[in-house]
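Engineer: Predicted model, plus sequence, below.
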Amino acid sequence: MHTFFDQPDLLPGFADANRPRAIAAGIDPFQYDAVTVELTSIRDWPTAFARAGREHLARAEQADEQGLSASASEAYRDAALWFHFATVLPNPDLGAHAAAAKASADAQRRADPAAEHITDPDFAGILRRPTGIRAPVVVLIPGMNSGKVEFMPIADSLLRRGVAVLAIDGPGQGELATRSHWEPEYQKVVHRVLDVIEDRSDVDGQRVAAMALSMGGYLGALAAAHEPRIRALVSVSGPSALHWDQLAPYVTDTFALRTGSATAGRDFARGINAAEIAPRIAQPMRVLDGGLDVIPGVANAEPLARHAPNAEYLLIPEGNHLLETTRWKWLPDTADWLADHLRK
């Protein structure tokens with residue numbers, strides 16, 4: 001069995017494929033190019049990205065000491081992103097992975113003093129609220145190897161529209177990646193998230209929606225099928241089905257790492273069936289795909305929209321996975337769509 005790291009000449013294509021993802025998350029494109037061009041092996045990726053994270057962390061701490069709060073916040077946010085992207089490989093060195101994930105979470109906690117960091121047995125989250133109002137909430141759900149830190153620009157867009165955002169890491173995701181394994185019944189995670197939101201007085205726990213991305217697009221749909229408290233759902237580049245034997249080693253190795261074994265990973269993949277759960281999603285749902293998002297073994301999200309009773313499907317022909325290269329074509333309108341449904 002070939003693993004991800006056994007593939008020849010892997011580095012250039014991997015760096016190119018992840019460039020839009022990193023830039024969309026907020027990493028400076030010039031620094032990304034400067035770091036990746038110096039790599040001679042894909043195995044050097046985690047070390048190089050963690051080194052860049054430490055450089056930003058040092059700048060942040062220096063700015064903190066000088067009382068330069070804006071510069072410190074920006075540098076902490078950069079550090080959190082670089083540490084996060086050090087974890088996107090299916091790295092068998094779990095110690096290094098855990099250290100980078102912890103460093104990312106710690107830096108993110110220091111990046112935005114106004115944000116609240118929620119620690120729960122079932123998830124970790126960052127709650128950001130508009131000032132002066134008791135706002136409705138959108139829950140951001142990450143995917144296969146993403147995490148709450150990666151979608152802060154999306155959170156910014158929602159905040160500008162008067163919506164609070166709770167970005168989460170569920171079991172096996174983000175800062176919890178090496179402390180737990182994925183939960184195939186992800187609706188249980190979201191159920192707990194909604195309970196926490198409902199118990200708060202500073203947000204409107206009766207008006208909650210979700211935006212779910214990549215594999216999270218399926219996890220969010222699964223949650224909506226079980227949770228009527230979710231008023232509306234946006235699913236971006238979520239799979240409707242996975243065919244294990246056709247998946248690339250990057251995906252199968254990541255599944256094995258995040259579930260605990262290749263057998264568990266295969267079982268998790270086989271359990272993804274959007275056409276089966278879609279008829280139970282009564283809420284308004286917007287499903288988005290990119291026409292250039294072609295991943296071996298992954299069926300796109302069109303069946304999710306087709307089988308759901310109250311869904312719309314938007315295909316952006318020139319869009320990549322997560323539509324990062326065409327964000328201006330869908331995010332403003334989709335953020336408005338969510339805000340509008342939360343006002344009803």
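Structural biologist: Perfect, I can see it now. Residues are numbered from 1 along each chain as shown.
Engineer: gap between Phe151 and Gly265?
Structural biologist: Relative to Gly265, Phe151 is positioned 24 Å away (C-beta to C-beta, to the nearest Å). From N, CA and C alone the C-beta is placed, and that goes for glycine too.
Engineer: And the strands in the stretch 1-150 of the chain?
Structural biologist: Using DSSP state E, counting those that start in this stretch, the strands of the stretch 1-150 of the chain run over residues 116-119, 124-128, 135-141.
Engineer: May I have the shortest one exported as PDB, CA atoms only?
Structural biologist: What that stands for is strand 116-119. C-alpha atoms of strand 116-119 as PDB (Å, rounded to 0.1, in the frame of the first residue of the first chain):
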ATOM      1  CA  GLU A 116     -14.300  34.300  23.700                       C
ATOM      2  CA  HIS A 117     -12.600  30.900  23.600                       C
ATOM      3  CA  ILE A 118     -15.000  28.100  24.600                       C
ATOM      4  CA  THR A 119     -13.600  24.800  25.800                       C
END
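Engineer: Go ahead and name everything in contact with that strand.
Structural biologist: With contact meaning C-beta atoms under 8 Å, 6 or more residues apart in numbering, strand 116-119 is reached by 109, 124-129, 166, 196.
Engineer: how about 7 Å then?
Structural biologist: Here strand 116-119 makes contact (C-beta atoms under 7 Å, 6 or more residues apart in numbering) with 109, 124-127, 196.
Engineer: Pass me the low-pLDDT residue ranges in this structure, would you?
Structural biologist: 1-2 (pLDDT under 70).
Engineer: at 50 instead, please
Structural biologist: Within the chain, the stretches with pLDDT under 50 are 1.
Engineer: what's the domain layout of it?
Structural biologist: Domain assignment for the chain by automatic domain parsing gives 9-112, 114-344.
Engineer: the strands in the stretch 201-344 of the chain, which residues?
Structural biologist: All strands of the stretch 201-344 of the chain, identified by DSSP E, counting those that start in this stretch, fall at 203-213, 230-236, 241-242, 285-290, 298-299, 311-316.
Engineer: tell me what the third one is packed against?
Structural biologist: Yep, that's strand 241-242 we're talking about. Of the remaining helices and strands, none touches strand 241-242 by 3 or more C-beta pairs under 7 Å, 6 or more residues apart in numbering; DSSP states H and E.
Engineer: what's the burial count for Phe14?
Structural biologist: 19 (other C-beta atoms under 10 Å).
Engineer: Could you double-check that it lies in contact with Ile42?
Structural biologist: Yes. At 6.1 Å, Phe14 and Ile42 qualify as touching, with contact defined as C-beta atoms under 7 Å.
Engineer: what touches both of those two?
Structural biologist: Counting by C-beta under 7 Å, 6+ apart, nothing touches both Phe14 and Ile42.
Engineer: Identify the residues contacting Ala225.
Structural biologist: Counting by C-beta under 7 Å, 6+ apart, Ala225 touches 277, 280-281.
Engineer: Take those residues and lay them out in CSV including neighbour count and distance to Asp336.
Structural biologist: Listed next are the contacts of Ala225 as CSV, based on neighbours: other C-beta atoms under 10 Å; distance: C-beta to C-beta, whole Å:
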residue, neighbour count, distance to Asp336
Ile277, 21, 27
Arg280, 14, 27
Ile281, 27, 21
